[in-house]
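S.K.: With the input below, show me the fold.
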Amino acid sequence: MVAAAYVLISTQTGSEKQVYRELEKLEGIYQVDAVFGPYDIIAIIQASDYDKIGEIVIDKIIPTEGIKDTVTCNVIRFET
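M.R.: This is a model prediction of the structure:
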């Protein structure tokens with residue numbers, strides 16, 4: 001099983017492009033999108049389990065310069 005999460009990111013004003021570029025470089029981040037709305041960036045992350053998801057968020061994403069706030073939404077999969 002692959003664990004996944006959406007990380008909703010608010011950045012400091014004017015740092016959106018810098019944060020976007022830094023996140024693209026990080027291992028474990030599957031996709032990075034700049035968006036309009038209450039958040040500035042949404043990152044999709046994937047890992048072997050949810051403990052690794054937590055490590056990516058805490059150790060790699062949150063310390064990124066220019067990030068003001070994050071909300072992590074773990075993905076659940078329903079069997080069909």
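S.K.: and the end-to-end length of stretch 64-79?
M.R.: 35 Å (Cα to Cα, to the nearest Å).
S.K.: and that stretch, how far out from the chain's middle?
M.R.: Centroid displacement of stretch 64-79 relative to its chain, using Cα atoms, centre = their mean, to the nearest Å, is 5 Å.
S.K.: Now do the strands for the chain: every range, in order, please.
M.R.: 3-11, 29-34, 41-47, 67-74 (DSSP state E).
S.K.: low pLDDT regions in the chain?
M.R.: By pLDDT under 70, the low-scoring segments of the chain are 1.
S.K.: re earlier: can you tell which of the strands of the chain is closest to residue 60?
M.R.: Minimum separation from residue 60 across the strands of the chain (Cβ to Cβ) falls at strand 29-34, 8.0 Å. (C-beta placed from N, C-alpha, C; glycine too.)
S.K.: so what does the closest one touch, helix or strand wise?
M.R.: Here strand 29-34 touches helix 16-25, strand 41-47, going by 3 or more Cβ pairs under 8 Å, 6 or more residues apart in numbering; DSSP states H and E.
S.K.: just to revisit the earlier point, let me have the strands of the chain in TSV, adding distance to residue 17 as columns.
M.R.: Putting those into TSV (distance: least, Cβ to Cβ, whole Å) gives the following:
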stretch	distance to residue 17
strand 3-11	9
strand 29-34	8
strand 41-47	10
strand 67-74	13
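S.K.: Tabulate these (CSV), appending distance to residue 57 and mean neighbour count.
M.R.: Shown next, in CSV, are those (distance: least, Cβ to Cβ, whole Å; neighbours: other Cβ atoms under 10 Å):
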stretch, distance to residue 57, mean neighbour count
strand 3-11, 6, 19
strand 29-34, 10, 14
strand 41-47, 7, 20
strand 67-74, 5, 14
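S.K.: Nearest to residue 80, out of those?
M.R.: Short answer: strand 3-11, nearest of the strands of the chain by Cβ to Cβ, at 17.2 Å.
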